[in-house]
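S.K.: any chance you can model this:
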Amino acid sequence: WSGIQQMGAAPTAVAGPKIKQAVEKALVLDPDLSQAHFGLAAYNTWVAWNWEKAEPAFRRAIELNPNFPDSHAYFAHYLSIMLRFDEAELEMNRALNVDPFNPLVRALYLACLFFWERWDEALAEAQKALDVAPDHWLAFQVTRFIYFNQQRFDEAVSATRSLYTILGNDAVVNALDEGMQQSGHRGAFAPAAAVLAQQAEQQFVLPTQVMALYSSAGDRENAVKWVEKAYEVRDPELPYLRCANRFTEDVMNDPRLQHVMAKLNSPEVVNGARPVSFTPVQESGHRGASQAELPGNLLEAPAFALQ
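M.R.: Below is the predicted model of the structure:
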């Protein structure tokens, strides 16, 4: 059910109680089962948004089984959401050291490179993934945001088109193509966003998916509207807005968006840290430390969504 929720195949209102029930049952059956504590950590991070309870659950899972790579990798994502990038890199390196050829771990590493704004490394890792699996949707999911932040707009449209082709959403692909032909990248994202928003009226769609397209179209009002919807339905991807550059700066500075971030009890609001900035950084100003060359890039399509 965690994968179903993360992929947007079911809303949190449906998947959340089932995840909670499964975790509680596992802990009753075996209180020292590492995977049960990992499940508890994941529930508190992506369902309950209870940051204080998530971290000790991750640490307990790792204490019980330090050789389970998923605990390290997803803990790295949690730490990235908390803007603790150096600690996140340590955990991701531990996951890669345990299982460097694990396709899911490599996918989570690719996402982390995006969070840490090490975009050249992320693009290189994405290309390695696509060399192995040309239909690797997460590679296109990450690269479309990177290209947009680098103002490589035609490439951003192309990556978005590839993503929705893999996802089998022909209507969004057609809207991108028609809009691109008529008025360039802005014209591509706007009708694609409208199509996905219309689909969301008939079936469940993660609001952050719609938000991403509206933000790329420069439609501040609708981008913020769908962020608010994401909060209402507890979109599991919403916490990533703390660490992932998906917005133009005017959208990020919108007080309504900042209000949603405050309701998430985000650390930059509570602790008085810097506001999240979505201005691209230079390669000399990456978040986190340098990543050593790691063996293996056998990255297949993972069961993890970064919508």
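S.K.: skipping adjacent residues, who's closest to residue 26 in space?
M.R.: Spatial nearest neighbour of residue 26, chain neighbours left out: residue 36 (3.8 Å); criterion: CB to CB, 6 or more residues apart in numbering. C-beta here means a position set from N, CA and C on the backbone, and glycine is covered the same way.
S.K.: can you name the residues that contact that neighbour?
M.R.: By CB atoms under 8 Å, 6 or more residues apart in numbering, the residues touching residue 36 are 23, 26, 27, 29, 30.
S.K.: can you say which of those are buried?
M.R.: If you count burial by 16 or more other CB atoms under 10 Å, the buried members of the contacts of residue 36 come out as 23, 26.
S.K.: between the contacts of residue 36, which sits nearest residue 75?
M.R.: Distance to residue 75, by CB to CB, is smallest for residue 23 among the contacts of residue 36, at 16.3 Å.
S.K.: how far away is that closest one from residue 146?
M.R.: 34 Å (CB to CB, to the nearest Å).
S.K.: related to what we said a few turns ago, from the contacts of residue 36, which shows the smallest pLDDT?
M.R.: Among the contacts of residue 36, residue 23 has the lowest pLDDT, at 87.
S.K.: the helices in the stretch 51-200 of the chain, which residues?
M.R.: Secondary structure of the stretch 51-200 of the chain (DSSP state H, counting those that start in this stretch): helices at 51-64, 69-81, 85-98, 103-115, 119-132, 137-149, 153-166, 170-200.
S.K.: including mean neighbour count, distance to residue 253 and mean pLDDT, could those go into CSV?
M.R.: Formatted as CSV, the helices of the stretch 51-200 of the chain follow (neighbours: other CB atoms under 10 Å; distance: least, CB to CB, whole Å; pLDDT from 0 to 100):
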stretch, mean neighbour count, distance to residue 253, mean pLDDT
helix 51-64, 18, 24, 96
helix 69-81, 25, 20, 96
helix 85-98, 20, 22, 97
helix 103-115, 25, 20, 92
helix 119-132, 18, 22, 92
helix 137-149, 24, 16, 92
helix 153-166, 20, 21, 96
helix 170-200, 19, 20, 94
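S.K.: can I get the ones you listed in CSV with distance to residue 45?
M.R.: Converted to CSV, these look like this (distance: least, CB to CB, whole Å):
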stretch, distance to residue 45
helix 51-64, 5
helix 69-81, 5
helix 85-98, 13
helix 103-115, 13
helix 119-132, 22
helix 137-149, 18
helix 153-166, 24
helix 170-200, 24
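S.K.: so which of those is nearest residue 251?
M.R.: That would be, of the helices of the stretch 51-200 of the chain and by CB to CB, helix 137-149, which comes in at 12.1 Å.
S.K.: only alpha carbons, please: show that closest one as PDB.
M.R.: Provided in PDB are the C-alpha atoms of helix 137-149 (Å, rounded to 0.1, in the frame of the first residue of the first chain):
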ATOM      1  CA  TRP A 137      10.300   7.200 -15.800                       C
ATOM      2  CA  LEU A 138      12.000   8.600 -12.700                       C
ATOM      3  CA  ALA A 139      15.000   9.700 -14.800                       C
ATOM      4  CA  PHE A 140      12.700  11.800 -16.900                       C
ATOM      5  CA  GLN A 141      10.800  13.000 -13.800                       C
ATOM      6  CA  VAL A 142      14.100  14.400 -12.400                       C
ATOM      7  CA  THR A 143      15.600  15.700 -15.600                       C
ATOM      8  CA  ARG A 144      12.500  17.800 -16.500                       C
ATOM      9  CA  PHE A 145      12.900  19.800 -13.300                       C
ATOM     10  CA  ILE A 146      16.600  20.200 -13.700                       C
ATOM     11  CA  TYR A 147      16.300  21.400 -17.300                       C
ATOM     12  CA  PHE A 148      13.600  23.900 -16.400                       C
ATOM     13  CA  ASN A 149      15.800  25.300 -13.600                       C
END
